[in-house]
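Chemist: here you go, sequence then predicted model.
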Amino acid sequence: YVLPPYEPWIRQGLIDEIRSQPQQILDLGCGTGSMTLPIKKAFPSAVVTGIDLSPYMLAVAEDRSRQAGLDIQWQHGTATALTQFEAGSFDLITAALLFHETPPDTTQAILSESYRLLAPGGQILILDGNQSTLRSLEWLNNVFEEPYIQAYASGNLDAWLGKAEFDDVRTKDVFWLNQVTRGFKSEVG
C-alpha cells in the first residue's frame, strides 16, 4: 500500500538513475520480480539476475518473467554472502524496498558484498522509503509494522554507502515517500 497507484513511476525513478548501458545486472532482494522485470525491459541485452531469500517469491518471479517472455536468471540466496559470484561480476546492482526490511548490520554487510561484486566504475542503486519523511512521521512507521523500519528511518543510506567505500553517493527524492540512492565503485584500485 505504499507504492500504488504510482508504482510504475516510482520504479522508473530507479531506472532513470542508471548512468550506463549495463551488461551484467544483479537485483538484490528481488521478491516477485517487480523491479527486476522493468530493469530487463529497459536493458534487454543485459544478463539480469534476481536474488532472493524466499524460494516462493522466486517461483512467482520466474512465472512472471516467463509470461512476459523475459530471460532472467533467478537464484535463491542471501545478499550478504554471494560467493557464487566472483568479485567484479556486475556493472549494476539494484535493490528495491530491501533495506527497510534488514537490521543495520545486515544492511552494511549487503552493501560491502555489493561493493565486492561490482566491477570498477560499477553503480549501485537503491529504491526504498524516504528516510527523511519516515523520520518526521513517526505514526507512518507504526502503520507499516516493519520490524526494522525505525532503524532504517533513523539511519542514512548515503553514510552507509560511504562506509562501504562507494563514491559519488547521492539520494534523490521520488515523490514524498520514496528515495533513490546511488553510489559508484571507484575505477581506480
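Modeler: Received the coordinates, thanks.
Chemist: tell me the contacts of L92?
Modeler: By Cβ atoms under 8 Å, 6 or more residues apart in numbering, the contact list for L92 reads I18, S20, P22, Q24, I25, L26, A46, G122, Q123, I124, L125. Bear in mind the C-beta positions are built from the backbone N, C-alpha and C, glycine included.
Chemist: tell me how far it lies from T107.
Modeler: Using Cβ to Cβ, to the nearest Å, L92 is found at 19 Å from T107.
Chemist: the residue nearest the centre of the chain is in what secondary structure piece?
Modeler: Note on the chain: the residue nearest the mean C-alpha position is A95, at 0.7 Å, using Cα atoms, centre = their mean. Here A95 sits within strand 90-96, counting by DSSP states H and E.
Chemist: check which element follows the lowest-mean-pLDDT helix or strand in the chain along the chain.
Modeler: Every helix and strand of the chain was ranked by mean pLDDT, DSSP states H and E. The lowest is helix 138-144, at a mean of 65. Of the helices and strands lying after helix 138-144 in sequence (DSSP H and E), the nearest is helix 149-154.
Chemist: ok so, going back, excluding its backbone neighbours, what's nearest the residue nearest to the centre of the chain?
Modeler: L28 (4.3 Å; Cβ to Cβ, 6 or more residues apart in numbering).
Chemist: any idea how far the one you found lies from L117?
Modeler: Using Cβ to Cβ, one gets 10 Å for the distance from L28 to L117.
Chemist: how about T49?
Modeler: For T49 relative to L117 (Cβ to Cβ), the value is 10 Å.
Chemist: hey, what's in contact with both of these two?
Modeler: Listed as contacting both T49 and L117 by Cβ under 8 Å, 6+ apart are L26.
Chemist: quick one: residues contacting A42.
Modeler: Contacts of A42 (Cβ under 8 Å, 6+ apart): I15, I18.
Chemist: these two touch, right, T102 and E146?
Modeler: No. Contact criterion Cβ atoms under 8 Å: T102 and E146 do not qualify, at 10.2 Å.
Chemist: so which of the two has more stuff around it?
Modeler: More crowded of T102 and E146, by other Cβ atoms under 10 Å: T102, with 20 against 15.
Chemist: not counting sequence-adjacent ones, nearest residue to the more buried one?
Modeler: Closest to T102 by Cβ to Cβ, 6+ apart is Y148, at 6.0 Å.
Chemist: could you do A81 as well?
Modeler: Take A81 and drop its neighbours on the chain: the residue closest to it by Cβ to Cβ, 6+ apart is E113, 6.5 Å away.
Chemist: show me what the helix or strand encompassing Y56 is in contact with.
Modeler: Assigned by DSSP H and E, Y56 belongs to helix 55-68. Helix 55-68 has contacts (Cβ under 8 Å, 6+ apart) with 30-33, 36-37, 40-41, 50, 52, 71-72, 74-76.
Chemist: and those, which of them are buried?
Modeler: Buried members of the contacts of helix 55-68, counted by 16 or more other Cβ atoms under 10 Å: C30, G31, T32, G33, T36, L37, K40, G50, D52, I72, W74.
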